[in-house]
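1. Sequence and predicted model, in that order:
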Amino acid sequence: MKWLYGFLLLIALNSHSYAACYLARGTPTTVTIPAQTLTIDADAPVSLEQPFARIDSLPITASIGYNDCYKGTEYGRQLTYLANREITNQIYTTDIPGIAVKILWTNGSGNYGGFPKKQSIVFPNNLSVGTFDYEPGSAYRLEFYKVADNLSLSNHLNAQLLPLGIVAYNYLFTPTPSSYVMQLNLGAITLKSIPTCTLDSSKTIDFDRVNASSLASGVYRDIHFKLNCRSDYQRFSTHASVRTQTLSHDHQSIKVTDAGGQDDRLRIFMYDSNKNLLFVDGTNGETLTNIASNAEANFTWQAVLKPGLKSPPAAGPFAAYAEIQFTIE
């Protein structure tokens, strides 16, 4: 006797299981904010309202769209590692104490929303099924805030604010990186602090009355000036130089205009605190280093009035003008 074996395969189909909310347009996209350096003044105010820097990613240029999505499907915005760093509403500490970041996203309408955010799909007219698209123009924004009065940067190398890589994403279905529709990738975002300084007021050097005899040996006047700087690096350095628009042909002295309008009868030579001659075209100068933040950098220069190429000058008042310029680090 022969036995016959047969199998009956029963397949039950749920009417809602077929390719629900499937990708129909575009592809999940990573946008990048490239490496760059932000700057902040050392005396910038603390604020949770006004960012000191703002960076936008490039937007997507084509739709990322899904068909046959059901009302109530979850979507939203999520962070990868910042969630446990929140200091106030959707503002998070960076890797530099005293600096915080807010991450925002726009759907291209110009309105921005923060992270995280959980939502459910709804359709007009209470439809239960429809399409769901991330529109062209959708993009990310980073806003940086100063949240402590004093920063403590370790050195003059720029400090990195956030780790490299994915920092935030938009998802569909579940708040996991694998469900991303858009995600934001960061290059090295670094911070450089600029010292803020208070200068002495302008200086007037009074040579008083001079004559041929005093000019022959030079008329000396001291110039004392100081610079006070606040630095987030705890110390600062400064370089001072002198520049004039009325310089001699050898760039070593300032031309002086006498009472007769002649500028070749008198010269002023400038010397730094170590009695080194200063060229008046700014090509050399005096550098003071390793000065404590909020301390004074003191300069003791000297101006020497001497005869020019021709003498004597016309009797009466004479005048000259120059600027002391500073470079701060």
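-> Right, received. Where do you want to start? Since the model is a prediction, treat every value here as computed from it, not as a measurement.

2. Contacts for stretch 260-280, please.
-> Among residues not part of stretch 260-280, those counted as contacts by Cβ atoms under 8 Å, 6 or more residues apart in numbering are 215, 240-244, 246-248, 251-258, 284-286, 299-314, 316, 318, 320, 322. C-beta coordinates here come from the backbone N, C-alpha and C atoms, glycine included.

3. Restricted to strands, list those.
-> Taking DSSP state E, the ones among those that sit in strands are 240-243, 254-256, 286, 299-307.

4. List buried residues within those residues.
-> Taking 16 or more other Cβ atoms under 10 Å as the criterion, what is buried in the ones in strands among the contacts of stretch 260-280 is 240-243, 254-256, 286, 299, 301-306.

5. Quick one: low-confidence residue ranges for the stretch 101-250 of the chain.
-> Applying pLDDT under 70 to the stretch 101-250 of the chain flags residues 156-158.

6. where exactly do the helices run in it?
-> Applying DSSP state H, counting those that start in this stretch to the stretch 101-250 of the chain gives helices spanning 212-217.

7. all strands in it, in order from the N-terminus.
-> For the stretch 101-250 of the chain, strands defined by DSSP state E, counting those that start in this stretch occupy the ranges 112-114, 117-120, 129-134, 139-146, 159-160, 165-172, 180-186, 189-194, 196-199, 219-230, 235-243.

8. Now do the third one: distance to the chain's middle.
-> If I follow you right, that is strand 129-134. Mean C-alpha position of strand 129-134 versus that of the full chain (Cα atoms, centre = their mean, to the nearest Å) differs by 39 Å.

9. Direction included, what does that strand pair against?
-> Strand partners for strand 129-134, identified by DSSP bridges, are recorded as strand 64-70 (antiparallel).

10. Past the partner strand, which element shows up next along the chain?
-> Once the chain leaves strand 64-70, the next helix or strand it forms, by DSSP states H and E, is strand 74-79.

11. what's in contact with that next one?
-> 92, 103, 105, 113-121, 132, 167-175, 181.

12. for stretch 166-181, same thing?
-> Residues outside stretch 166-181 that contact it (Cβ under 8 Å, 6+ apart) are 21, 28-30, 64, 66, 73-82, 103, 105, 115-116, 118, 132, 134, 140, 182-186.

13. Now a PyMOL select for only the buried ones of those.
-> Buried residues within the contacts of stretch 166-181, by 16+ other Cβ under 10 Å, are selected in PyMOL with:
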select buried, resi 21+28+29+64+66+73+75+76+77+78+79+82+103+105+115+116+132+134+140+182+183+184+185+186
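
14. on that earlier part again, could the strands of the stretch 101-250 of the chain go into CSV alongside distance to Ala44?
-> What follows is the strands of the stretch 101-250 of the chain, written out as CSV (distance: least, Cβ to Cβ, whole Å):
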stretch, distance to Ala44
strand 112-114, 22
strand 117-120, 29
strand 129-134, 35
strand 139-146, 5
strand 159-160, 15
strand 165-172, 23
strand 180-186, 22
strand 189-194, 9
strand 196-199, 8
strand 219-230, 10
strand 235-243, 16
